[in-house]
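>>> how would this look folded up:
(2 chains)
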Amino acid sequence: MALDRNLAAAIAVTRFGLGAKPGELIAAQGDPRGWLQAQIRPAQGADQPETPAPDAAARLIEFRDYQRRKRAAEMAHQDFDPVKEIRKMILADAGADFLARTQLAATTDAGFRERWTLFWCNHFTVSATKAQVATLVGPFEAEAIRPHVFGRFEDMLVASSSHPAMLLYLDQAQSVGPDTMAATFMSRGGKHAGLNENLAREIMELHTVGVEAGYTQADVTEFARAMTGWSIGALQEADAGKFRFRPAAHEGGQRTIMGKTYSQPGEAQALAVMKDLAASPHTAHHVSLKLARHFVADDPPPALVARLQRTFQGTHGDLAEVAKTLVLAPEAWSPEAQKFKTPYEFLVSAWRAAGVTPKALPQVAILNALGQKPYSAPSPKGWPEEAEVWCAPDAVIKRMAWAQNLAAQSLNGRDPVQMAGDALGARLTPLVATAIRRSETREEGLAILLMSPEFQRR
Amino acid sequence: MTDTPFIPSRRQALVGALGLGLSIEFLGRTAFAADGAGSNRKLIVVICRGGMDGLSVSPPVGDPNYAALRGPIAIPGFDSPGGALKLDDTFGLHPALAATYRLALKGEARIAPAVATPDRERSHFEAQDVLENGQTTPYATDSGWLNRALQAMGPGKAKAISVGATAPLILRGPVEAASWSPGPGVGRDPRLPAILADLYQHDPLLSRALASGLVTEAAAKVAGADARSALTSINATRGDTIASMGETARPPSQMAAGQMADQADAGGAALRPVLQQGLPVARQLGATLAGFMIQDGGPQLAAVSLDGFDTHANQGGAQGQLATRLAYLDAVLDGVAKGMGPAWKDTAVVVVTEFGRTAHVNGTNGTDHGSASTALLLGGALKQGGIVGGWPTLSQARLFENRDTAPTLDMRGLFKGLLVGQFGMDRRALDTAVFPGSEAVAPTAGLIA
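Coordinates of the predicted model:
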């Protein structure tokens, strides 16, 4: 494909990566595709944000301890402000995690590796919209997603589906087989116990085969039965706050899901189902379509989707190979930038262009106003991709105001013409270059760069 | 200041609303048949996202199977403390819907207890798409039926506006939509908007959005919603941003879902302060919406969204997670009804959800994705009457696929009935443009007086 090398470098860094830091385009120019491929590292997986974050189990124990203190205070009629307490906890924990993640994104030399990672974080969404999950989103990404982003899809699926954050977010931890010892025991104690099909359904619909696969309600219920017992260790148990399979809650017996019968005992049954779901051609298609949609266009070229799907199926879900196929696919290198940046992508690329590392949470406050609250995707489907969603009139006004503030605070006498070249390279159009040159102040010049069509898109 | 009760201003209400998972979208037609019969009529569509449990909204406590199916989450009967608010021998309203019930007693609120979209897949995302796109299948079109209704009513100076950070499907489409939420305005550089407008000339999406945003920003200034002080109020009320992602500014029901995972926490005290702050905000939001609509040339169509109705676990009964959510809905509706003033007599409000929930309580004291649910109809424009559509009953043989309330009424018929009754819309336009391919679905008759 005879793409000019300077243009290819600009596409590599802005479309596949997170936007150019000064000097990054030069680093990519020698071999843009090679520059991307070098970021794929099967052995280590993704980078980890630099945070002293304890693991999910510690966070969960902390939350349960909060619940216990709250109950004790209530029973003793002591003063206890639960809203203040939990707010403090979420601010300290999730706030630190999120800030560290933005800092990694704003500074990394491997922008493609982090964008690829963020795609998977969104594919397997857990959201702070549930308070109990709020402090677990960071650990979830660190433990269930980042190690597996260049590994096998099936491994990431299992890691996600057995992580406490997901088990809580989609109510799996409480699901109990109706004909089990646990159900009998709980009903004797006056508690109602039974199936909850939330996680089983979303694994099928969102994480693997997708709704076009044509499964039925009965398939969902059967899978939910197979998943009973996938739970979390209680405070007094040795594996407190970690995944724990509870045989007493598992509904024994054969399950038939999408025409296949599973007679494995215990935990192995759901694992066998997941293995088949991960290997399904529907999953290969569903994931490939989402990847193409995220990286290339809201309505991506079918040839690209087919290419990704072939690799996914041919390598049994080897995500390093899928990533390689993506960056080498000619359809992914169209000179026209079709993707409109989400608020997070816009902020990160602006920080990179301006050479800014966000140092405090108020610097990410704009995400709320732009509709992308930190760690708080509105549903298990994750954040939307479509340009029409993010390019609302109000959002453009807010981006404009924010761009001016960033320019005023971070320019430090630099030349916006030079910055535009560093950020966009061959993607900078003469129209925008001229407007920046003619700007009345340097701040205005930088704001024009950040709000230009070629910077808003990738 | 500390002793002053918390009465939010309109601006604070909107700021708060963003955090409560509420958003409003307006569709306005300044040039709408100013001399015609429908010129003062208003229609508001409220979408409760997540799958709202109709069997709790309008509990059929008189249905012989209701109590057994629902077990611990059943709403108590009419005569019990915290029981359903009686509508007829079968149906009541959830006790949290007190303001709605007051309207019902005046003949200004009715229920349609078994309404569904044409979608039966029980996927939130597909069902919401079908509810908003007005088609029979998800992802069939990029435009929403409310937007197409506006287009079908006639060409001219129609306009649309949404309040909120992102654009919902129901109002996307050929009629241009504006949007607004509190913020810092256009910023410090007065030259920048014109420069960008010039740079966006080859990017229709950005170009339209910017132009529309600038017009709305100017209008907001005139309306006294000064952008700079709105930012101050965001900073003052939030202090920090990240806090809003988990706690005080989240929908209380969702907060409860986490906190009540431990059953001992059910109805926990943690909820109360949030609830007390949230209800006036929700009421004020409704009143603000009404305030926009009753202005001269104000919008005649609006859409409001509330999220947080996906109650898979610890749903609660007369109190608890869903009750909290319904109290918010009730407060918004109350604000709308009061804020409309004399215009309430020309107003119809319809409250819908993408699907109902299972008739049976599930294993975690919640309910899973189902089929039909309740639609609430409110407004002074309503015709008095009993339930809208049939009631299939909850006998096992009548449950859809042995688990859900069976649909008796196509939601498109309900919407069509409201569009015909309020605006005299043409049947053919409804069948072909607004709800394409819906010839077989008649507008529900007798909704509007």
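
>>> In chain B, where is pLDDT below threshold?
Across chain B, the ranges flagged by pLDDT under 70 are B:1-39, B:155-167, B:176-185, B:215-278, B:281, B:296-298.

>>> Please repeat the previous calculation with a cut-off of 50.
B:1-23, B:26-38, B:156-159, B:182, B:221-275 (pLDDT under 50).

>>> which ones are touching the residue in it that chain A sits nearest to?
With CB to the nearest CB as the measure, B:Gly363 is the residue of chain B nearest to chain A, at 2.2 Å. All C-beta spots, glycine's among them, are computed from the backbone N, C-alpha and C. Contact analysis of B:Gly363 by CB atoms under 8 Å, 6 or more residues apart in numbering or on different chains lists A:Gln174, A:Ser175, A:Val176, A:Pro178, A:Ala183, A:His192, A:Ala193, A:Gly194, A:Leu195, A:Asn196.

>>> my guess is the fifth one is in a helix, correct?
Yes: the assignment for A:Ala183 by DSSP: H, G, I helix; E, B strand; the rest coil puts it in a helix.

>>> Checking the residue of chain B closest to chain A next. Helix, strand or coil?
Judged by three-state DSSP, the three-state class of B:Gly363 is coil.

>>> Quick check: chain neighbours aside, which residue is closest to it?
A:Gly194 (2.2 Å; CB to CB, 6 or more residues apart in numbering or on different chains).

>>> so that neighbour sits right up against B:Thr358, yeah?
No: assessed by CB atoms under 8 Å, A:Gly194 is found out of contact with B:Thr358, at 11.1 Å.

>>> So what sits opposite the residue positioned nearest the centre of chain B in the bridge?
Chain B has B:Val46 as the residue nearest its centroid, 2.1 Å off, counting by CA atoms, centre = their mean. Judged by DSSP bridges, the bridge partners of B:Val46 are B:Val304, B:Val351.

>>> OK, contacts around A:Val176?
Taking CB under 8 Å, 6+ apart, we find A:Val176 in contact with A:Ala182, A:Ala183, A:Met186, A:Ala193, A:Gly194, A:Leu195, A:Thr228, A:Ala249, B:Gly363.

>>> wait, A:Asp219
Contacts of A:Asp219 (CB under 8 Å, 6+ apart): A:Met204, A:Ile257, A:Met258.

>>> Does the residue lying closest to the first one once chain neighbours are set aside lie in a helix or a strand, and which?
Here the nearest residue to A:Met204 in space, its sequence neighbours aside, is A:Tyr215; by CB to CB, 6+ apart that works out to 5.8 Å. Using DSSP states H and E, A:Tyr215 maps to neither a helix nor a strand.

>>> Could you verify that B:Leu377 is part of a strand?
Yes: counting by three-state DSSP, B:Leu377 is part of a strand.

>>> Based on its surroundings, how many neighbours for it?
Neighbouring residues of B:Leu377 were enumerated by other CB atoms under 10 Å in any protein chain shown; the total is 26.

>>> Up against chain A, what does the stretch 301-449 of chain B have?
On the criterion CB under 8 Å from any CB of the partner chain, chain A has as its neighbours in the stretch 301-449 of chain B the residues B:307-308, B:312-313, B:361-366, B:368-369, B:401, B:403.

>>> hmm, try it at 10 Å
B:307-308, B:310-314, B:358, B:360-369, B:401-404 (CB under 10 Å from any CB of the partner chain).

>>> now the helices for the stretch 301-450 of chain A?
With DSSP state H, counting those that start in this stretch, the ranges of helices along the stretch 301-450 of chain A come out as A:302-314, A:319-328, A:343-354, A:366-369, A:387-390, A:393-410, A:416-424, A:430-437, A:442-451.

>>> Out of those, the one nearest chain B is which?
Smallest distance to chain B across those (CB to the nearest CB): 3.5 Å, for helix A:393-410.

>>> and that closest one, is it in reach of chain B?
Yes: applying CB under 10 Å from any CB, one finds helix A:393-410 touching chain B at A:393-405, A:407-408.

>>> Just the buried ones from the residues of the stretch 301-449 of chain B next to chain A, in PyMOL syntax?
Remark: buried members of those, expressed as a PyMOL selection using 16 or more other CB atoms under 10 Å in any protein chain shown:
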select buried, chain B and resi 307+308+310+311+312+313+314+358+360+361+362+363+364+365+366+367+368+369+403+404
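
>>> In chain A, what residue comes closest to chain B?
For chain A, CB to the nearest CB, closest residue to chain B: A:Gly194, 2.2 Å.

>>> Does that residue belong to a helix, a strand or coil?
Following three-state DSSP, A:Gly194 is assigned to coil.

>>> Hmm, it is touching A:Thr228, no?
Yes: using CB atoms under 10 Å, A:Gly194 makes contact with A:Thr228 at a distance of 9.3 Å.

>>> Packing partners of the longest helix along chain A?
In chain A, with assignment by DSSP state H, the single longest helix is helix A:82-107. Applying 3 or more CB pairs under 10 Å, 6 or more residues apart in numbering or on different chains; DSSP states H and E, we find helix A:82-107 packed against helix A:56-75, helix A:111-123, helix A:131-134, helix A:137-140, helix A:343-354, helix B:243-246, helix B:252-259, helix B:271-294.

>>> you'd agree B:Ser56 is in a helix?
Yes: if the criterion is three-state DSSP, then B:Ser56 is within a helix.

>>> For my notes, confirm A:Gly177 occurs in a strand.
No: counting by three-state DSSP, A:Gly177 is not part of a strand but coil.

>>> Number of residues surrounding the closest residue to it other than its chain neighbours?
In this structure, A:Gly177 finds its nearest non-sequential neighbour in A:Glu251, 2.8 Å apart by CB to CB, 6+ apart. A:Glu251: 23 surrounding residues under other CB under 10 Å.

>>> and if you look at A:Phe245?
A:Phe245: 16 neighbours (other CB under 10 Å).

>>> just checking, it touches A:Pro265?
No: using CB under 10 Å, A:Phe245 is not in contact with A:Pro265; the gap is 11.1 Å.

>>> List the contacts of residue 337.
Going with chain A. A:Ala337 sits next to A:10-11, A:14-15, A:296-297, A:424, A:427, A:453-458 when contact means CB atoms under 10 Å, 6 or more residues apart in numbering or on different chains.

>>> wait, I meant chain B there
B:99-100, B:102-103, B:108-109, B:286-287, B:290, B:344, B:347, B:349, B:378-380.

>>> mind running it again at 6 Å?
By CB atoms under 6 Å, 6 or more residues apart in numbering or on different chains, the residues touching B:Ala337 are B:Trp344.

>>> does it sit in a helix or strand, and which one?
Counting by DSSP H and E, B:Ala337 is part of helix B:321-340.

>>> who in the stretch 251-400 of chain A is up against chain B?
Contacts of the stretch 251-400 of chain A with chain B, taken as CB under 6 Å from any CB of the partner chain, map to A:361, A:365, A:368-371, A:373-376, A:381, A:387, A:389, A:391-398, A:400.

>>> Sort out which one of the contacts of A:Asp219 lies nearest A:Leu289 for me.
Taking CB to CB as the measure, A:Leu289 lies nearest A:Met204 of those, at 16.0 Å.

>>> Based on its surroundings, how many neighbours for that closest one?
If we define neighbours as other CB under 10 Å, then A:Met204 has 26 of them.

>>> can you check the one 10 residues further on too?
Applying other CB under 10 Å, we find 10 residues neighbouring A:Gly214.

>>> Could you tell me the model confidence score at it?
With respect to pLDDT, A:Gly214 scores 92.

>>> nearest spatial neighbour of B:His202, skipping sequence neighbours?
A:Pro453 is the one closest to B:His202 (CB to CB, 6+ apart), at 7.3 Å.

>>> let me fix that: B:Ala449
Closest to B:Ala449 by CB to CB, 6+ apart is B:Lys383, at 4.3 Å.

>>> Of A:Gly194 and A:Thr228, give the one with the bigger neighbour count.
A side-by-side neighbour count of A:Gly194 and A:Thr228, using other CB under 10 Å, places A:Thr228 first with 30 against 23.

>>> name the element B:Pro113 belongs to?
strand B:109-116.

>>> Only C-alpha atoms, please: export that strand in CSV.
Only the C-alpha atoms of strand B:109-116 are listed here, as CSV (Å, rounded to 0.1, in the frame of the first residue of the first chain):
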residue,chain,number,x,y,z
ALA,B,109,-53.5,9.6,35.5
ARG,B,110,-54.1,6.2,34.0
ILE,B,111,-52.2,2.9,33.6
ALA,B,112,-51.7,0.6,30.6
PRO,B,113,-50.6,-2.5,32.5
ALA,B,114,-49.3,-4.8,29.8
VAL,B,115,-47.6,-2.7,27.1
ALA,B,116,-44.5,-3.8,25.1
